[in-house]
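Engineer: Got a sequence here, can you model it:
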Amino acid sequence: MTPTRDELAIQAAGLRKAFGDHVALDGIDLRVAAGTVFALLGPNGAGKTTTVNVLTTLLTADGGNAQVAGHDLRREPDRVRAAIGVTGQFSAVDNLLTGEENLLLMADLRHLDNDARGRRVAELLDVFELTEAASDRVSTYSGGMRRRLDLAMTLIGEPRIIFLDEPTTGLDPRSRRVMWQIVRNLVTEGVTIFLTTQYLEEADQLAHRVAMLDRGAIVAEGTPSELKRLVPGGHIRLEFTDAAELDKAVRTLAVGVRDDDALTLQIPLEVSARSVRDLLEGLEAAAIDVGGLSVRTPDLDDVFLALTGRAREEVAAR
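Structural biologist: Now for the predicted structure:
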């Protein structure tokens, strides 16, 4: 039966974990609705993987409590493990086996009978577009194919909660979007996805709710739209065909950041239909010829920068 989003797949209160003097998790609270994507954002070292390792029973928390799939992490770790699937940052596939052999091995570990294992493996090869490469050794697979196979192996036991720890790290843009569509398809089937990522666009595209983790603490949580509203403003970028028109616009508007090499003027503005219309009418009245215009509203990059003082470039570099 497909769960409703009123049900909680994961809930945690006051989770703490330290490694010596380093506090990896500083009392975090989580509530993840069933059948949704919950994204945990943050730079490397923020505590994302530690959170996943605690919630999947690979690590024991020093404090706090949590339930996953309705089972207590401390008292019922075996039941938690039976209810979940985990795909880590690095592929867990065996390079010496074929794609099909990897899936059959996982089916054996899940104790599927012969008929069930054959049907399930064939189904997953088809869903993840790996049928043609099923008999090829995984060592010949591209990065995107390996990640798809890794996720297919996680799904052998049909878990209702899947932890995806930075699943698209190192993938090219096309492979990343293929993985995004796979995640969306899983959610439409009622699967809950707990996603950790340092790609803010990925969370914006996929997540129903987002929590931002920084130095072991959650600094903000909400829907992507709610988080974006934490940061005011936006800007409009005007493009010009020659420097004279750019100069005229700067004198007329008396606001904005100019780029003489690109012949652009970036104007801070509370972006709305009315504000854009007023700006264009002012430019027309001043007989300023604009070659192009683009509008940018705050995104999760801006939210993360505002809350942590660190830009995405620094996040990705850590």
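Engineer: only C-alpha atoms for contact and neighbour calcs from this point on.
Structural biologist: Will do.
Engineer: got any ranges where this structure has weak pLDDT?
Structural biologist: Filtered on pLDDT under 70, the chain yields the residue ranges 1-6, 89-91, 270-271, 309-318.
Engineer: Just give me the longest helix of it.
Structural biologist: The residue-count maximum for a helix in the chain (DSSP state H) belongs to helix 173-188.
Engineer: check contacts around Val295.
Structural biologist: Residues counted as contacts of Val295 (CA atoms under 8 Å, 6 or more residues apart in numbering) are Gly234, His235, Ile236, Arg237, Val271.
Engineer: Over to the most centrally placed residue in the chain. Which of the three states is it?
Structural biologist: Centroid check for the chain by CA atoms, centre = their mean gives Ala203 as the closest residue, at 3.4 Å. Look at Ala203: counting by DSSP: H, G, I helix; E, B strand; the rest coil, its state is helix.
Engineer: Grab the nearest non-local neighbour of it.
Structural biologist: In this structure, Ala203 finds its nearest non-sequential neighbour in Ala39, 5.9 Å apart by CA to CA, 6 or more residues apart in numbering.
Engineer: give me the number of residues near that neighbour?
Structural biologist: 30 (other CA atoms under 10 Å).
Engineer: same question, Glu226
Structural biologist: The burial count for Glu226: 12, using other CA under 10 Å.
Engineer: In which helix or strand does it reside?
Structural biologist: Assigned by DSSP states H and E, Glu226 belongs to helix 224-228.
Engineer: Name every strand pairing with the helix or strand just after that helix and say which way it goes.
Structural biologist: As assigned by DSSP H and E, the chain's next helix or strand after helix 224-228 is strand 235-239. Next to strand 235-239 in the sheet, as set by DSSP bridges, lie strand 264-268 (antiparallel), strand 292-296 (antiparallel).
Engineer: Might you calculate how far strand 235-239 sits from the centre of the chain?
Structural biologist: Here strand 235-239 is found 28 Å from its chain centre; the criterion is CA atoms, centre = their mean, to the nearest Å.
Engineer: show me where the protein has strands.
Structural biologist: 8-19, 22-33, 37-41, 63-68, 71-72, 84-87, 161-165, 192-197, 209-214, 217-222, 235-239, 257-259, 264-268, 292-296 (DSSP state E).
Engineer: so which of those strands gets nearest Arg147?
Structural biologist: Smallest distance to Arg147 across these (CA to CA): 8.8 Å, for strand 84-87.
Engineer: Any buried residues in the closest one, and which?
Structural biologist: Ile84, Gly85, Val86, Thr87 (16 or more other CA atoms under 10 Å).
Engineer: what does stretch 68-81 give?
Structural biologist: Buried, per 16+ other CA under 10 Å, within stretch 68-81: Val68, Ala69, Gly70, His71, Asp72, Leu73, Pro77, Val80, Arg81.
Engineer: Can you get me the start-to-end distance on that stretch?
Structural biologist: The straight-line separation of the ends of stretch 68-81 (CA to CA, to the nearest Å) is 9 Å.
Engineer: quick one: contacts of it?
Structural biologist: 8-11, 55-57, 60, 65-67, 83, 161.
Engineer: Using JSON lines, lay out these together with neighbour count.
Structural biologist: Shown next, in JSON lines, are those (neighbours: other CA atoms under 10 Å):
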{"residue": "Leu8", "neighbour count": "19"}
{"residue": "Ala9", "neighbour count": "24"}
{"residue": "Ile10", "neighbour count": "21"}
{"residue": "Gln11", "neighbour count": "18"}
{"residue": "Leu55", "neighbour count": "27"}
{"residue": "Thr56", "neighbour count": "21"}
{"residue": "Thr57", "neighbour count": "17"}
{"residue": "Thr60", "neighbour count": "16"}
{"residue": "Asn65", "neighbour count": "18"}
{"residue": "Ala66", "neighbour count": "22"}
{"residue": "Gln67", "neighbour count": "21"}
{"residue": "Ala83", "neighbour count": "18"}
{"residue": "Ile161", "neighbour count": "25"}
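Engineer: No further queries at this time; thank you.
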